[in-house]
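[1] Sequence and predicted model, in that order:
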Amino acid sequence: MTTQLFRPQILWSSLRRISSARCYTTISGVTASINNTPPTFETTTTTESTTSIKLQNTDQTVLNLLSTLTTFPNSNSLHSQVRTLTKRLKTPNVTPIRIGLIGSKTSLLNSLLIDIYEDSQRDKLWYDALTQRDGGVDNVISYTNEESQIVTDKENGRFIVPSPILKDLNIEFVEVNGGKSEKLTSSCSFFLNFSTSERATLLTAGFPTYTFKDLQCSDEANEVLGYTEIDSARYERIIKLLKRSPSNSTIYSKEYPLTNIAQFREILGKAISQADNKLYAAIISNLQTQLSTSSLSLNQLQNQTQHLNKIISSYAEYLNLTFQRQFKPSFHQFQFKTLAWWKLYTSLNAIPAKFHNFLDNDKFLNDSIKQYSYIQGQISTSSESEFIDNQQEIITQDNPLIELKSEILTKDIPALTKRGNDLLYTNFINFQLPLIALSNFGVILLDFSTYSMASVALLGLVIGFNNISRDWAKYTKSWEIEVLEGFRGRINNVEKQLKNEVELWSQNEKTEVIKREDCYKKLTEGK
């Protein structure tokens, strides 16, 4: 980690710097340190490369930034940061810098936004409304000097007011109280954080962040505040005293240094002057983090592709071997017991349920389906979830083994039972029914011997049974071969289909990796 140090310069006041500073502020969550040397302001970035990057306001820079919206996912509000910065680069004089305040007291903005030299009724109205703003919503305070455009919408936290500080520094404030609007908070260029809560850490993740403490000292106390400590309540009080009467200027002059607001304004001015550069560095750091932790490199992609293909080859070998040794004998034995010809008369309608139960409980088929889905999952998760939006159409192909099972149950089994019904009906009509009718005719009308006619009827039954058993055995043997060949064909196609998915994923991912690396290179090299 590389650290760049610079000393702040007085931007708003020529007041003497408060001595005995006890700590300095940080960006990006670096903790404050105890230091007896003159105060320094520390800026920290995640890598050496980002500290040396200088933002160039060019059309090409804007295009390069906008390209991240399609090549990188929206991690840590990246897309909002890019839109905020590109808008600033396009119209820097028109677009104000949005500053987020987290955990700040209302007295801070009350004292910063007041116009100490203005005493009109208009000024009093908007300022009174501002001081009564709701502390439970996120308040946005921006500038206007047009009386018709002044807005004091306390319910929705929207204030458009003629405060001098907003105009002079071309800024607007977002007072984060509820923090429910991600769109609002993620549009800030940087944050001033007065909170140590976990929520504050989450809100400021990935953003330039300046950490302060707003203490409330007693009115009689003369405590010297540290470099990042202020007393906004005292400052608001003496501002109001001065505005009430110029005779209170002595009190103001005496207590103003105790508020440390001069130091705060100095830091704020420095932060504003570097806001675009710091946000640009934060974006670069975000991209670099994504590339190093969430995106595959080209070498990693090649290794992962080889690894997946090796898994698929092993899976295909397992399928073929287990199919021959386990499933094929098991299926043959099951169909032999279930499809005996005489069961056509007793349990033909039960055949679909029996096959359904067999396929549902067959270990080979269930394991094969699970392993196929597992390999598909390996393909889909080879690239981190943020980067696989373009892979969804590849990974959502149906599992061919599930399709095969469904085809057997919805197509092959119904064809089997239909064939059984056809055999029963055909042989009954062609052989059994005519000979039974003939035997009855001979006994009743021709007075033939009952025993002889019974023999004729029995002959019809035997001929029918014989035809049914012969044709059914022939059909079921052919049916079994067809079903097993269907299995074999699907199994042989599984390896090809999975490897095609890997190849398609690999090619798409390679294209995306090159795009991301090229985008990052252009932004870091300023091309």
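    Now that the structure is in, tell me what you want to look at. Numbers count the residues shown, from 1 in each chain.

[2] in the sheet, who's paired with residue 98?
    Judged by DSSP bridges, the bridge partners of residue 98 are residue 172.

[3] Roughly how far does it sit from residue 85?
    Distance of residue 98 to residue 85, computed by Cβ to Cβ, to the nearest Å: 11 Å. (Glycine included, C-beta is placed from N, CA and C.)

[4] ok, now residue 338?
    Counting by Cβ to Cβ - residue 338 and residue 85 are separated by 71 Å.

[5] who's more crowded, residue 98 and residue 85?
    A count of neighbours by other Cβ atoms under 10 Å puts residue 85 above the other of residue 98 and residue 85, at 23 against 20.

[6] remind me which residues of the stretch 251-400 of the chain are low pLDDT?
    382-397 (pLDDT under 70).

[7] rerun at 90
    Scanning the stretch 251-400 of the chain for pLDDT under 90 picks out 291-301, 304, 334-400.

[8] sorry, back to before: what touches both of residue 98 and residue 85?
    Residues touching both residue 98 and residue 85 comprise residue 189, with contact defined as Cβ atoms under 8 Å, 6 or more residues apart in numbering.

[9] quick check: domain ranges of this structure?
    The record's domain split for the chain, according to automatic domain parsing, is 3-10+60-293, 298-525.

[10] and those, which is most packed in?
    Greatest average neighbour count among the domains of the chain goes to domain 3-10+60-293 (a mean of 18), per mean count of other Cβ atoms under 10 Å.

[11] starting at the chain centroid, how far to that one?
    Offset of domain 3-10+60-293 from its chain centre (Cα atoms, centre = their mean, to the nearest Å): 29 Å.

[12] How about the backbone phi and psi for residue 230?
    The phi/psi pair for residue 230 (degrees, to the nearest 10) reads phi -130, psi 170.

[13] Kindly apply the preceding question to residue 229 instead.
    Torsion angles, degrees, to the nearest 10, at residue 229: phi -110, psi 140.

[14] and it, how far is that from residue 523?
    37 Å.

[15] what element comes up after the helix or strand hosting residue 309 heading to the C-terminus?
    Here residue 309 sits within helix 298-322, counting by DSSP states H and E. With elements assigned by DSSP H and E, the helix or strand that comes after helix 298-322 is helix 328-338.

[16] So what's the gap between that next one and the chain middle?
    How far helix 328-338 lies from its chain's middle: 48 Å, per Cα atoms, centre = their mean.

[17] helices or strands next to it in the packing?
    The contact analysis (3 or more Cβ pairs under 8 Å, 6 or more residues apart in numbering; DSSP states H and E) places helix 328-338 against helix 351-361, helix 450-525.

[18] ok, of those, where does mean pLDDT dip lowest?
    Lowest mean pLDDT within the helices and strands packed on helix 328-338: helix 450-525, at a mean of 81.

[19] Measure how it sits relative to helix 328-338, angle-wise.
    For helix 450-525 against helix 328-338, the angle by axes from the mean of the first three to the mean of the last three Cα atoms, to 10 degrees is 150 degrees.

[20] Now do helix 450-525: distance to the chain's middle.
    Counting by Cα atoms, centre = their mean, helix 450-525 is centred 37 Å from the centre of its parent chain.

[21] could you give the angle of it to helix 298-322?
    Helix 450-525 and helix 298-322 are oriented at 170 degrees to each other (the same axes, to 10 degrees).

[22] change the start of the numbering to 7 and stick with it
    From this message on, residue numbering opens at 7, which makes the last subject helix 456-531.

[23] wait, residue 111 sits on residue 241?
    No. Checked against Cβ atoms under 8 Å, the pair residue 111 and residue 241 is beyond contact range at 10.4 Å.

[24] In PDB, could you pull the C-alpha coordinates for stretch 180-193?
    The C-alpha trace of stretch 180-193 is given here as PDB (Å, rounded to 0.1, in the frame of the first residue of the first chain):
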ATOM      1  CA  VAL A 180     -26.500  15.000   1.300                       C
ATOM      2  CA  GLU A 181     -27.200  14.600   5.000                       C
ATOM      3  CA  VAL A 182     -27.500  10.800   5.300                       C
ATOM      4  CA  ASN A 183     -29.900  10.000   8.100                       C
ATOM      5  CA  GLY A 184     -32.100   7.200   6.900                       C
ATOM      6  CA  GLY A 185     -29.600   6.000   4.200                       C
ATOM      7  CA  LYS A 186     -32.500   4.200   2.500                       C
ATOM      8  CA  SER A 187     -31.900   5.700  -1.000                       C
ATOM      9  CA  GLU A 188     -28.900   4.000  -2.400                       C
ATOM     10  CA  LYS A 189     -29.300   6.100  -5.600                       C
ATOM     11  CA  LEU A 190     -28.900   9.200  -3.400                       C
ATOM     12  CA  THR A 191     -26.000   8.100  -1.300                       C
ATOM     13  CA  SER A 192     -24.100   6.500  -4.200                       C
ATOM     14  CA  SER A 193     -24.200   9.800  -6.100                       C
END
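
[25] Of all the helices and strands packed on helix 334-344, which one is nearest residue 411?
    helix 357-367 (5.5 Å; Cβ to Cβ).

[26] what packs against the helix or strand that that closest one is followed by?
    Following helix 357-367 in sequence order, the next helix or strand is helix 369-387 (DSSP H and E). Judged by 3+ Cβ pairs under 8 Å, 6+ apart, helix 369-387 is in contact with helix 304-328, helix 398-401, helix 406-413, helix 456-531.

[27] angle of helix 369-387 against helix 304-328?
    170 degrees.

[28] what is the orientation angle of helix 369-387 with helix 406-413?
    140 degrees.

[29] and the angle for helix 369-387 with helix 357-367?
    50 degrees.

[30] What separation is there between residue 283 and residue 69?
    Between residue 283 and residue 69 the computed distance is 19 Å (Cβ to Cβ).
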